[in-house]
Structures are given as C-alpha cells and as structure tokens.
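[1] the following block contains a protein sequence and its predicted model.
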Amino acid sequence: DAKTTQPPSMDCAEGRAANLPCNHSTISGNEYVYWYRQIHSQGPQYIIHGLKNNETNEMASLIITEDRKSSTLILPHATLRDTAVYYCIARINFGNEKLTFGTGTRLTIIP
Amino acid sequence: NAGVTQTPKFQVLKTGQSMTLQCAQDMNHNSMYWYRQDPGMGLRLIYYSASEGTTDKGEVPNGYNVSRLNKREFSLRLESAAPSQTSVYFCASHRWAAAFTDTQYFGPGTRLTVL
C-alpha cells in the first residue's frame, strides 16, 4: 500500500464544509484511495473510496487530483457528530484486503 | 442484522493469564480481521482470515493466535497476556465483491487491560 500523509488535526465550524487533505504521492495506478473515520473509540466506519474520478455519496465527496498524488475528503455541512479521526488509505482494491491505518487527522467541529 | 459483534466489551487480566476474544459477523462475509489500537495510534493488523479455513499473520502477530471457527466466527487468543498487550482490539469483516462496494465493517471493540 502506498504511504499516505495527513495533517494531525484540523478544526471546522459547524455548518461549514470540512476539507480534509491527504497526500499519496507514491500511489500506483491500481491503488484506490479509501477514507474511514473513527468516532471516539468506536470501530472505524467506511466513508468513501475512489480510483481517479471524483466520487460522492450520502456522507461525503472525494476529490482526487488529476495526477492522483493527493486527494481531499469533503464533508459538505459538518455537524458536531462529524468530530472524529479520519483515515486516508491507499490500497489495491482486490487481491490485498488488508488495510494499513496511519494516525489520521483528528477533525474537531466547533459549535 | 447485527453486523460485527465482539465479546467481551471490557476485560482486565493479570500478566500470564490467557483469554480468548470472540468475534462474529452475520453478513456472510468471507474475510475477517483482528486489529489492535494503542492510545493515540492508528489500527495495526494482528491476523486475518481471507476465507474459512485460512489464517495469515498481519503486522503484529507475536503473542497471539487465531481460529477461524466457521464462516461467521473468528477468535483471537492471548496465551500468556503481557502488559504490552493492553490495547483496544477491533474485529472486522470484509465483503469481497467484483463491483465497487468493497469495504470493511468493524465491531465495537474490546478494551483489554493487562496488569
């Protein structure tokens, strides 16, 4: 799995968009970018993943740069319940099911 | 549909004691995983089972053994607990699918303290 780099912490005002960056400059062509989050000691929760096109689901949007060396997770209208540690993971989508977690970004939503 | 369940939720052991952490999933997933998470750290893979009848070591397997009892259940055993094994243990399962929906589902965790 390619190494990913994330800022250790970020703050965002409630109701605003939270933009979480991730650098994965050594990502290979068949590695997907996954995002998980972990809310206060609960088990991690899947958010979204993508290969090269931007993706959107009911939780978030994922913007991947054209060279795929970085990506941004966007929570469009952050709420207090979005306070969590967010993990960015780059991995092959099949044949290698293990996830390698770094230390992630601790996102705090400010009322 | 309970997802991934783990027992117990909390456990305190003395050094040298043994115990088994239980994990079960009701989503008919093929793959199951055990991770540990130390304070302020990300999750680290201990063991995984790609399918029923197979197990493989992850990043930090020393001091642990696993059993994939059947498709639903994957247990983690500490034969002789050490204080360094104080951690939160998460079990996860994975539904391999040819389509895009490829995600791991995690249990609520077992908080283990070894004195």
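    Sure thing, it's come through. No experiment lies behind these values; they were computed from the predicted model shown.
[2] tell me which parts of chain A are close to chain B?
    Neighbours of chain B within chain A, by CB under 8 Å from any CB of the partner chain: A:34, A:36, A:41-46, A:49, A:87, A:93-94, A:97-104. (Each C-beta comes from the backbone N, C-alpha and C, glycine too.)
[3] if you drop the residues flanking it in sequence, what lies closest to B:Thr110?
    Once flanking residues are discounted, B:Thr110 sits nearest to B:Tyr89: 4.6 Å by CB to CB, 6 or more residues apart in numbering or on different chains.
[4] now do the same contact list for the residue in chain B that chain A sits nearest to.
    Residue of chain B nearest chain A, by CB to the nearest CB: B:Phe106 (3.0 Å). Each residue near B:Phe106 by CB atoms under 8 Å, 6 or more residues apart in numbering or on different chains is listed here: A:Gln42, A:Gly43, A:Pro44, A:Gln45, B:Val4, B:Phe90, B:Cys91, B:Ala92.
[5] now with 6 Å, please.
    A:Gly43, A:Pro44, B:Phe90, B:Ala92 (CB atoms under 6 Å, 6 or more residues apart in numbering or on different chains).
[6] I'd like to know how many residues surround the first one.
    Translated: A:Gly43. 23 (other CB atoms under 10 Å in any protein chain shown).
[7] what of the third one?
    Using other CB under 10 Å, the number of residues around B:Phe90 comes to 25.
[8] cool, and the last one?
    Burial measure for B:Ala92: 26 neighbouring residues, criterion other CB under 10 Å.
[9] show me what the helix or strand hosting it is packed up against.
    Assigned by DSSP states H and E, B:Ala92 falls within strand B:87-94. Here strand B:87-94 touches strand B:4-7, strand B:19-25, strand B:31-37, strand B:104-106, going by 3 or more CB pairs under 6 Å, 6 or more residues apart in numbering or on different chains; DSSP states H and E.
[10] quick one on the thing from earlier: the residue of chain B closest to chain A and A:Ala2, how far apart?
    22 Å (CB to CB, to the nearest Å).
[11] ok, and the closest non-adjacent residue to whatever residue of chain A ends up closest to chain B?
    In chain A, the residue found nearest to chain B is A:Gly43; the distance is 3.0 Å by CB to the nearest CB. Counting by CB to CB, 6+ apart, B:Phe106 is the residue found nearest to A:Gly43 once chain neighbours are left out, at 3.0 Å.
[12] good, wrapping up.
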